[in-house]
Each structure stands twice: as C-alpha cells, then as structure tokens.
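>>> What follows is a predicted structure for the sequence shown.
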Amino acid sequence: MNTGLAFKQPAAGGEKLSGPAIAGFPTRCVRFGTFQLDLHRQELVNNGIPVKVQGKVYQALLALLEYSGEIVTRETLRMRLWPRDTHVNYDANVNTTVNKLRQVLGDTNSAPMFVETIPRRGYSFIAKVEYVDEMLARSVPRIAPSLAPKTSLWRSVHASTLAGAERARIWFTAGMIALLIAAILFGAAITLYSRRAF
C-alpha cells in the first residue's frame, strides 16, 4: 500500500529534525507504548501479537506518527486520506477513521494515551515515539520444560481415561440392549410354549 508519507529524519539522541526525510522512511520500525510498527512490512504488533489495521486507519496512524507531539489538522488528514476528486463526507470519514484507530490502539477520546483530540483543530499523537532499525523479537508464551512432560502426561492420561469411559458406556448400553432383547425373546418363547402345552 503506498501511503505517500515521508517521516522526518530522527536526529542523534532520538529527537526528530524539523525537515522531511529525503526519501522513504528514516528507520524501519516505530515503537510507542506496547506497540511496534514495522514500516517495511506495514505491520502493527501489540506485545508481540499482530494487529489488523485497515488501509485508511493505517494511513491516519502514519500521518499522526509523522508529526507526533504536534497538531495534525483535520484538513491535513483529509488531504492525506482522500484525494480531492473523491466524493465522500470528509468530516464524518475523518471522525470514523480516527475512532477506528483509537479502537485498534485500545485508546479512548475521554482519557487518551495515544491520540488526543484538539477541539476545532485536529488531533495529536501524544505517546512517546521511538524510531528503531529492528523490531523487538515477538514474545511467544511457552510452557516451562519441567511442566511440559507433566502436562502432556496428564493430557494423555485424561484422554485415555475419557476414551476408556466412553468404551465402557458403549459396552454397557450394548449389554443392556442384548439383555432386553433376550428377555423379550425368552418371554415370547414361554408364552408360545405355554399355549402349545394347553
């Protein structure tokens, strides 16, 4: 997806320079809060878990990150997200897009951690932003090695117990049906024999 955005070049010490980057992005990744944004893959990750972000919402996030700490006007967002020849309700669409971004980030308008509304002006990305070259390794929860065999053993014992109980229930049901059929046949045989005897 071509966003048409160019991030500011970060200076030494993590501060951003005021001018735009010459071409492309200055770093591969942007970190804020528990989120990491891989600009090359266009992938947002929260605590190691990928987060699905729609195209316009992703573009709005990039626009706000580009000017983090500054006000991004509604008009700037409109121009970034929808060309002039697009016939949409810009105000409603900007509101909807920013609200969807807040949902993705787990943010709220009343107590913002990431996107703050600046009344009658626009929005500002208020979280601390770090520009880095590599994503942090994804944390995949794993079972401790000492617990894994016990857990596997418990699962196999539990599964075999359930399988044995299921087999016993089936055999018990089959046995009861066989006894019922035998009783009916025995009763019919006695009735038939008694009628012939008289």
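Here it is on my side, so go on.
>>> what's the nearest residue to Thr73 if we skip its chain neighbours?
Gly122 (4.0 Å; C-beta to C-beta, 6 or more residues apart in numbering). Every residue, glycine included, has its C-beta placed from N, CA and C.
>>> you'd agree the one you found is up against Tyr67?
No - taking contacts as C-beta atoms under 8 Å, Gly122 lies outside contact range of Tyr67: 9.9 Å.
>>> what element comes up after the helix or strand hosting Thr117 heading to the C-terminus?
Here Thr117, judged by DSSP states H and E, is contained in strand 115-118. On the C-terminal side of strand 115-118, the nearest following helix or strand under DSSP H and E is strand 122-125.
>>> Please name the residues that touch Thr76.
Thr76 sits next to Ala63, Gly122 when contact means C-beta atoms under 8 Å, 6 or more residues apart in numbering.
>>> Can you tell me how far it is from Ile184?
Computed with C-beta to C-beta, to the nearest Å, the distance linking Thr76 and Ile184 is 86 Å.
>>> secondary structure element for the nearest residue to Val53 once chain neighbours are set aside?
Counting by C-beta to C-beta, 6+ apart, Val53 lies nearest to Leu44, which is 5.1 Å off, once chain neighbours are set aside. Take DSSP H and E as the rule and Leu44 turns out to sit in strand 43-46.
>>> Who are the packing partners of whichever helix or strand comes after that strand?
Counting by DSSP H and E, the next helix or strand C-terminal to strand 43-46 is strand 49-51. Using 3 or more C-beta pairs under 8 Å, 6 or more residues apart in numbering; DSSP states H and E, the elements in contact with strand 49-51 are strand 43-46.
>>> Export the strand it packs on to PDB, keeping only CA atoms.
Only the C-alpha atoms of strand 43-46 are listed here, as PDB (Å, rounded to 0.1, in the frame of the first residue of the first chain):
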ATOM      1  CA  GLU A  43       2.600  -4.500  10.200                       C
ATOM      2  CA  LEU A  44       1.400  -3.300  13.600                       C
ATOM      3  CA  VAL A  45       2.200  -5.500  16.600                       C
ATOM      4  CA  ASN A  46       1.000  -5.200  20.200                       C
END
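>>> Point to the helix or strand of the protein where mean pLDDT is at its lowest.
strand 16-20 (a mean of 33; mean pLDDT, DSSP states H and E).
>>> Starting from it, tell me the next helix or strand along the chain.
strand 29-32.
>>> For the very next helix or strand once past that following strand, enumerate the helices and strands it packs against.
Next in sequence after strand 29-32, counting helices and strands by DSSP H and E, comes strand 35-38. Strand 35-38 makes packing contacts with strand 29-32, strand 43-46 when contacts are defined by 3+ C-beta pairs under 8 Å, 6+ apart.
>>> Perfect, I'm done here.
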